[in-house]
Each structure stands twice: as structure tokens, then as C-alpha cells.
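Peer 1: What shape does this take:
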Amino acid sequence: MKLKYNIIVLIFNLFFCQSEYQILTIPKNVFQLSTNSGMSSLINNYNYSNPAAFLKNNKSYNFNIIHFPADITIYNFSKSKYSISFLDYGTFENQANDISYESFSAYEIMVQHYYTQKLKNHIFGFSTGLFYSSIDNYNSLGLSNSIGWNSFFKKIDLSLGISIENFGHIFKSYTAFNQKLPLRYRIGFSTSIKNLYLGYDLLYLKESNDLQHILGLELIINNKMTIRLSNTDNYKDLWLDDNLYNFISGLGFGIDISLNKSSINIGFLNLGVAGMVYGTSITFFDI
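Peer 2: Model (predicted):
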């Protein structure tokens, strides 16, 4: 149990520098995984970071499975303006001398609703989500909201996005300790050169008082295939001096393959010393 717990703590310190309510900040689909939760000003129906960039599609169903080290898995399903996610930490066991005395599970669930309104070259977005977290006999319930704004400047081919994420209220905390939601402020830019989209996000993590820089690109090869690459400085403090591959820590990669009435998405994210995250998704279009 102790080894698995330490791995979990390391993974989420690598990701978010905070340890409560991972369901609020963890990548929930392959797009977020491959972009390091960046490219927030790029409009599509997988962009959950800035609600103003979320494009609802009433004729599609999207399923995602993302595997983290230590057998941590998140499952996500989205339809139209709704999304439901289940984060499974797996089973923990208290052991001594190879004898198991107790086992328990830990998981988190979140249901979200998205609302967007377009005003000329501007989009206003709002999302609200109810989340529930359970660790052994401890549980917590809360409401998390995000608000965002996207503006498009056609003359210079630039999209600007601003969002405030994860503000709300905890109805029931794990303990008497007054926990806070992982509040984040974001500003993002994106531009395109023919079929190449470039994005930059600056993320301020209120709880840890840290700034995170995220770079991403999306290349549309043809109407059947799209490739994404991203990187972030969120991992530089955890680089090892004797590791020749520190430069790929935080590197995200994704590929979308469009079929007749569906699409398949594959994504990877390198967590450096914590290992590799990989995800797959499939989208069905009801044409």
C-alpha cells in the first residue's frame, strides 16, 4: 500500500502540485492528455479547460480511457453539452509479512454541464460540475465551476482565451479541515499557418502560487489524420541530473484518425521519473 500511495502522490505532484480532488484538474480525454491540458483557445468538442472553447456536438458520442502508472485509470463519456468522468485509484491493502489485513478502494466521480453563447467574434462559456470523492471510509462532495471568454481576431488570425477554473463550494469535506478547490487562472493564445495550429497557455495555480507555461501544436495532415504535440515546464524541478532524457519529460503526443462515421484518438504523456500515461478514445457520429 505504501509504495502505491507514494507513486500516486508523485504522479499528482508532477501534474498539479496539489493533492486533493484530482478529478477537477486531471486530463479527462485524449485531447487534454496530448496537449498537457493546453491549447485552451482552440475550439473543439474535446476542450474542457476553457468552457468558452468547448464546442458541443449533439450528434456525437465520445468515450475515453486514460491509464496512469500505479494502475490509476480515468474513464470519461461525453454527449452534447454533458460529460461524466470516473477516476479509479484502484484497491489499497494494508499488509504485514505478506499478510493482508485490510483492503479498501478510492475513487472520484464528476458530472459536468457546459453552456456557451456566441456574440459576433466572441464566445462566452460556463461549466458547472458536481463531484464526489471517496477514500476508504472518508468521502467528500462539492460543486466546481469554470467561466471563460474567447475572442477571435480574423485580420491577424489570432484567438485569445481567458478563463477562471475550479471555483465553487465543498458541501462536505473529508475532515473538519477547511479544504479549498484547486483554483486556476488561465490565458491562452492560438494562431494558424495553413494547416498548422500553434497554441500557448499561461496557467496560474492559486493554491501553490505557481505559474505553468504550456506550448502546443496541431497539424492537420489531411481530412483523415491530425497530429498534436505539446510540452510544459511543470516538470523541470523534478529533473534528475543523470537522466539524459529530461528534455522529453512533459512531452505530450496525440493522433486522431477519422473513419466514415467515427474517429479514433490515441495520446501519450511522459511524466519523467513517474512513467508514461497513455489514453485511447473513440467518437461515434450520428450522421
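
Peer 1: helices and strands around the strand ranked longest in the chain, which ones?
Peer 2: In terms of residue count, the longest strand belonging to the chain (DSSP state E) is strand 99-119. With contacts taken as 3 or more CB pairs under 8 Å, 6 or more residues apart in numbering; DSSP states H and E, strand 99-119 sits against strand 82-96, strand 122-135. C-beta: built from backbone N, CA, C; applies to glycine.

Peer 1: Need the winner for burial among these.
Peer 2: Among these, strand 122-135 has the highest mean neighbour count (mean count of other CB atoms under 10 Å), at a mean of 19.

Peer 1: State the distance spanning the first to the last residue of stretch 173-181.
Peer 2: 11 Å (CA to CA, to the nearest Å).

Peer 1: Please read the previous query as pertaining to stretch 201-211.
Peer 2: 10 Å.

Peer 1: and if you look at stretch 180-196?
Peer 2: First-to-last residue span, stretch 180-196, CA to CA: 39 Å.

Peer 1: Can we start the residue count at 763 from this point?
Peer 2: Noted, 763 is the first residue going forward, which turns the last one into stretch 942-958.

Peer 1: Buried residues, that stretch. List them.
Peer 2: 943-946, 948-952 (16 or more other CB atoms under 10 Å).

Peer 1: right, and the secondary structure at Gln794 would be what?
Peer 2: Put simply, Gln794 is helix when judged by DSSP: H, G, I helix; E, B strand; the rest coil.

Peer 1: List the contacts of the nearest residue to it once chain neighbours are set aside.
Peer 2: Distances taken as CB to CB, 6 or more residues apart in numbering place Tyr810 nearest to Gln794, at 6.3 Å, with adjacent residues excluded. Tyr810 sits next to 790-791, 794, 816, 845, 874, 889 when contact means CB atoms under 8 Å, 6 or more residues apart in numbering.

Peer 1: run the last query once more with 10 Å
Peer 2: Contacts for Tyr810 (CB atoms under 10 Å, 6 or more residues apart in numbering) come out as 789-791, 793-794, 799, 802, 816, 838, 840, 845, 847, 874, 876, 889, 891, 908, 927.

Peer 1: swap in Leu960?
Peer 2: 801, 804, 951-954, 977-981.

Peer 1: the strands in the stretch 863-1012 of the chain, which residues?
Peer 2: 884-897, 900-915, 920-934, 946-955, 958-967, 972-984, 987-994 (DSSP state E, counting those that start in this stretch).

Peer 1: Mean pLDDT added to those strands, as TSV?
Peer 2: TSV is the format used below for those (pLDDT from 0 to 100):
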stretch	mean pLDDT
strand 884-897	94
strand 900-915	93
strand 920-934	94
strand 946-955	94
strand 958-967	95
strand 972-984	94
strand 987-994	94
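
Peer 1: would you list those in CSV and tack on distance to Phe1046?
Peer 2: CSV is the format used below for these (distance: least, CB to CB, whole Å):
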stretch, distance to Phe1046
strand 884-897, 23
strand 900-915, 27
strand 920-934, 28
strand 946-955, 27
strand 958-967, 25
strand 972-984, 21
strand 987-994, 18
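
Peer 1: Which one of those lies nearest to Phe1015?
Peer 2: Nearest to Phe1015 among these is strand 987-994 (5.8 Å), distances taken as CB to CB.
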